[in-house]
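J.: Prediction below, plus the sequence it came from.
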Amino acid sequence: MDASAPPTYSLDDIKVEHHPNSGIKAQIYPFNNFHRRPATSLAYTTPNNHPWRPFQSRLEFEVAKLALEVGLNNEQTDRLINICHQCSLRKDSFTLKNHKDIHGKWEAASHRITKFTKDVISVPYDGKMREFDVYYRDLWDLATDLLRDPNLFPHFQFDGQTFVRFVDEPFTAEDFWNVQSQLPQDAKPLAFILYADKTRLSSFGTAKGYPVVARLANLPTDIRNGRGVGSGYIVGWLPIVTEDKEHSGKSSWVNFKNAVWHESFVKITSSLASKSRTGQWYPCLDGIDRWFFLCLLILSADYEEQCIMSLTRGVMSLWPCPICLIPRDELWDTSKQYTRRISNTSRDIVLAAQEMDTHEEQEELLKQHGLRNVTNSFWAIRYSDVHRALSHDWCHYNHGGLWSHHYWVELQKHLASLGRAKVAQVDKKCHPNQVMNITFADSSVHEDISKMIIYATHNILTEEASPLGYLLVRCVHLYLEVDMYAAFEVHTTNTISEGRSAVQALTEFMKQYITATEEDDKNWNFPKLHMITHLFDDIEAKGVTRNYNTKPNEQMHGPLKDWYQRRTNFKNVVEQILRIDHWLLVADDIRRRIFDLDEYVISQRQANDIDKDADEDDPDSEVLTNPIRHVFDPLDGSMHVKFGSREAPQTFGLIENSHKDDIAFSNFRVKLNSFLNIFLPASNIPLPDGKRIHLLSTHTITTCRLLRVNYESMVDWRQYTDYLRCNPKFFNVPRFDCVFIQTNQKVILGRLLLLFECPVGDNVFPLALVHPYDAPIGVRLRNDKHLNLLRVRAKPRAQAEFFSTRSIIRGALLVHDENLDYFVVDTVDTDMFLCVKEMHLQAGHVVRI
C-alpha cells in the first residue's frame, strides 16, 4: 500500500476535529462506528466494602433512604423502624432507634456532596442597609465532586469539537470552541449552565421559593438533563424581596430588587468568577493534571428572568430585547437583524452613568440603552458574556408564549365567529376534550394542542368561510415548522439553513396577517415573537435547544413543592428544603456506590467460576475464552421488531369464523398461502421440502396484540422504540395503530389489522395483516399545498395485504379527513417530521411555499 496515497473516504463518514489547543488529531469514523460514549472506561478500582457508612449496615441505609424518598414524617419513620426490628432476621445489624438516629446518620454522611453555605448580603435603599439571607453551594467544589466520580468522569468533554455536518452538544458548538481559543495553551474550559426562577411552594402562592440550578455543559445531554449523578443540582436559593407599598413601582425600588438579585448571585458565582481568571489545576482520574478555567456558557431563563440577568428594562423600555438592540416598535418585524448587545459595552455605559452628577442624567443615559443602574454580577466572570449566554427558551417562548397567548387566542376568536357548531366540531376532533374552552394550561398541554390544531381546523377555517382565519392557519403551520426545527436533537448545516428559511417564511405570512388585521385591538409587538430571530444563532453558538430549555429545570420545582407541603413545619422552610435536597443527593451517591460494590462482587464471583471451569479441563471451557459470535438470523426479527401480548394459538378456521363479518379477512388462509409462496423465494428462503405451501384450516397461528419496533431516528441516528397496538379491546376501546411500511417500490402507510406468528416447516415467521393506505390521490388540493399536508387514501378494505413485520419502519399517527382519506401527522416527533418531509419529496410535492 502506498503510504503517500491520499486517504479514501466513504459517503457519510464523520470527521471529528478537536480544538487545536487540545493536541488531539482529527479522526475519521465510519458512520456505523461513530459514538459519543467513552470507548474504554477507567481502570477499575476495588470499591469500598462498606459504602453505606456512616450507617451501620446496608439494611439501615435502605430503610433510611426509603423514609427519605417517600417523605415519611417522624412518627411514620419511627413506626417503620419498629417494624424492621420485629422482622429482622439479624443477618444485618440494625441499630437505628428512631427518626433522630436517621437524621444524625444523614448529617454524618453529608460531607460526600458539597454542602450549602448560608451567607448574608446587605443592600442599601432609601438611606438604610437591608439584609437578606442567601444559600449557595461552591460551584468549583461541586464540579470536583463530579470530576472525581469514576462512573461520570469518562463522559466529560474538555475540548471543543467541530463535527462535519452536525451540532448538538454545547461542546460541538461555536461558543465552547471560542472560549477554549482564548485560554492558555492546554487549558480546559469547565462550562456551566445556570438557571434561576421563582416558583410557588404553596397552593395559594403565598409561599415562594427562588432556586438556582447548575449543570455542567461538559457532560452529554442524556446525563446532564437526566436524573441522578451529573444532572441538575440546586446550587443556590435567592432571597425574595417583599413588596413595600410605599416604594413599589418606583424605578429606584425596581433597581433595588435587581441589586439584591445580583448581590446574591455574586455569592453563588464567586468561585466561578475567581477561577475564570486564574484557572485551577486538578488531578483527574485518568492520571492527568488539567488546568481548568470555569466559564458561564449558558443562562437558561424565561424573558422576565433574562431581563433581570442582563439588567435590561423589560418590555416597556425603548430596547426590550436583552440580546440585541431592537427598538420597541419593531418587535413584530422578524425579518430584520439588529446589533447584538455586548457585556463590555453595557458595563461601560453603566459605569459612565454612575460618574454623572445627578440621578436624572444617569437615568437619561441608561434609558437610551435600556439598562439599569446596577452592577451586573456576571461582569466578573471572564470569557463569558451575559447577553450571549442568554438563550432561546423553547418552553416559554414557543408553547407557553407565542402559541398559548397569541396564536391560540386568535384562532379561538376566528373559530367563535363561525358559530357554536364549528367550535363543537373542533372539540370533537381534538384531544383533550373541550379544547376550545382551554384558556389556562401548562406549556405541555398547549404543545399538544398546537400539534393537532391544523388537522382539526383545516376544513373549518377555510379560505372561503374565514379568509383571515385561513391566513392565520397558514401562519400557524409555519410556526409549527419552526417549532419542529427548534426541537431537533441534532442539527446539520442543512437543517439550520432550513430552519432559518422557515423563520423567513413565517415572517412573510405574519406580515400579511398583521397588515390585514391592523384595525383589530391585537398588538403583535412583543418580545416573544421577536425572539425567534435569535433561535438558530443560539443553536449554532450553544447547540440544540434542549441544552438551554427551561423545562428540565422547572421539573425540579415539583419536588420542592412536595417537600414544602409534607416535610416542613412551614417555618424557616428554606433550610429544611435544602437539607432534604442534600440528603437525597447523598443517598443517591451511597446507592450508586452500593451498586458498584454489587457489580464488583458479581464480577469477582464470575471470574472465579471461569477459573474453576478452566482448571477442570472441560472441552466446553473454550467458549469462555473464545466467545461465540452471535450471527444475525434473517428469520429472526427481534433486533428490529418483537411481538408481545401473545394470545393462545388459534386455527385458521377459528380466525376466519371470528372475523366473518370483516371483509379484510375474506379468504384469509388462501391469501396467506399465496403470500408465503411468493415471499419466501423472494427472500431467498427455501420452501419446505421444495414444495408450495398449503396451510390447512386446522393449522394454527399465534396472534399478538403488541409490536415493538426499533428504528433509527433520521435526526440523531439513535435507536428508539415504538410500541404499536393491534388490539380490539385496549382498555375496552379498539386500537389498531398505523405504520410506515417499506415495500420494494416505496414507503407506504397502512393500518395493522392482525399480528401473528405463522409456523412454516421448522421456522416461525412474524407477519401482519395490513390495510394499505396507498390508493392514488389524484391532483393535490390547494388547501393541502398551502398547509403542507400529506394526504393518503385507503384502498378498499377487501384489499388488505400480508407483510413481514420486519418491513415495518415505525409507527405513524393518521387523522381521518373524509371518506377514505387521512392525513399523516408530521408533528409527533422530529423523526416523523423528517419522514413525512421525505415522503413529500418522493411524491414531488413542493414542501415550502
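T.: Structure received. Numbers count the residues shown, from 1 in each chain.
J.: show me the contacts for Pro211.
T.: Contacts for Pro211 (Cβ atoms under 8 Å, 6 or more residues apart in numbering) come out as Ala196, Asp197, Thr199, Ile234, Gly236, Trp237, Leu238, Met556, His557, Leu560. C-beta here means a position set from N, CA and C on the backbone, and glycine is covered the same way.
J.: Asp442: which of those is nearest?
T.: Nearest to Asp442 out of these is His557 (Cβ to Cβ; 11.6 Å).
J.: Next one, pLDDT for the closest one please.
T.: According to the prediction, His557 has pLDDT 94.
J.: do Asn572 as well
T.: Predicted confidence (pLDDT) for Asn572: 88.
J.: Make sure Ile741 is indeed in a strand.
T.: Yes: with DSSP: H, G, I helix; E, B strand; the rest coil as the criterion, Ile741 is part of a strand.
J.: That one: neighbour count?
T.: 24 (other Cβ atoms under 10 Å).
J.: How about it: which residues does it bridge to?
T.: Under the criterion DSSP bridges, Ile741 forms beta bridges with Ile748, Ile808.
J.: ok so, going back, closest one of the contacts of Pro211 to Leu299?
T.: Sorting the contacts of Pro211 by distance to Leu299 puts Ala196 at the head of the list, at 8.4 Å, by Cβ to Cβ.
J.: which non-adjacent residue is nearest the closest one?
T.: Excluding the flanking residues, the one nearest Ala196 by Cβ to Cβ, 6 or more residues apart in numbering is Val212, at 4.6 Å.
J.: Beyond the helix or strand hosting that neighbour, next helix or strand please.
T.: Under the assignment given by DSSP states H and E, the secondary-structure element containing Val212 is strand 211-216. The element immediately downstream of strand 211-216 (helix or strand, assigned by DSSP H and E) is helix 221-224.
J.: What lies in contact with that next one?
T.: Residues outside helix 221-224 that contact it (Cβ under 8 Å, 6+ apart): 152, 155, 168-169, 193, 215-217, 230-232, 546-547.
J.: Show me how far it is from its chain's centre.
T.: For helix 221-224, the distance from its own C-alpha centre to the chain's C-alpha centre is 9 Å (Cα atoms, centre = their mean, to the nearest Å).
J.: Flag every buried residue along that helix.
T.: Burial within helix 221-224, assessed by neighbour count using 16 or more other Cβ atoms under 10 Å, is assigned to Thr221, Ile223, Arg224.
J.: Of those residues, just say which sits nearest to Arg148.
T.: Using Cβ to Cβ, Ile223 comes nearest to Arg148 of the buried residues of helix 221-224, at 15.7 Å.
J.: if we can go back for a sec, the residue nearest to Ala196 bridge partners, please.
T.: For Val212, the beta-bridge partners are Ala196, Gly236 (DSSP bridges).
J.: That one reaches Trp237, doesn't it?
T.: Yes: the pair Val212 and Trp237 qualifies as a contact (Cβ atoms under 8 Å) at a distance of 7.0 Å.
J.: burial measure for the residue nearest to Leu296 when sequence neighbours are not counted, as a count.
T.: Here the nearest residue to Leu296 in space, its sequence neighbours aside, is Ser384; by Cβ to Cβ, 6+ apart that works out to 4.0 Å. For Ser384, the count of nearby residues is 25 (other Cβ under 10 Å).
J.: For Ser384, grab phi and psi.
T.: Main-chain torsions, Ser384, degrees, to the nearest 10: phi -140, psi 140.
J.: do Val792 as well
T.: Taking degrees, to the nearest 10 as the convention, Val792 sits at phi -130, psi 160.
J.: wait, isn't Tyr548 in contact with Tyr397?
T.: No: under the criterion of Cβ under 8 Å, Tyr548 lies out of contact with Tyr397, with a separation of 11.2 Å.
J.: any idea how far Arg58 lies from Asn553?
T.: In this structure, Arg58 lies at 34 Å from Asn553, with Cβ to Cβ, to the nearest Å as the measure.
J.: Where do the helices of the stretch 401-550 of the chain begin and end?
T.: When assigned using DSSP state H, counting those that start in this stretch, the helices of the stretch 401-550 of the chain occupy the ranges 408-416, 420-429, 443-457, 467-486, 493-516, 527-530, 535-542.
J.: on that earlier part again, pick the one among the contacts of helix 221-224 closest to Asn710.
T.: So of these, ranked by how close each gets to Asn710 (Cβ to Cβ), first place is Asp168, at 21.2 Å.
J.: so who does the nearest residue to that closest one once chain neighbours are set aside touch?
T.: Taking Cβ to Cβ, 6+ apart as the measure, Asp168 lies nearest to Val490, with 4.4 Å between them; neighbours along the chain are not counted. The neighbourhood of Val490, defined by Cβ under 8 Å, 6+ apart, consists of Phe166, Val167, Asp168, Val544, Val715, Asp716, Trp717.
J.: Figure out which of the helices of the stretch 401-550 of the chain is closest to Pro766.
T.: Distances from Pro766 to each of the helices of the stretch 401-550 of the chain were compared using Cβ to Cβ; the shortest belongs to helix 443-457, at 31.5 Å.
J.: Okay, buried residues for that closest one please.
T.: 443, 445-457.
J.: now that helix and helix 467-486, what's the angle there?
T.: Between the axis of helix 443-457 and that of helix 467-486 there is an angle of 130 degrees, by axes from the mean of the first three to the mean of the last three Cα atoms, to 10 degrees.
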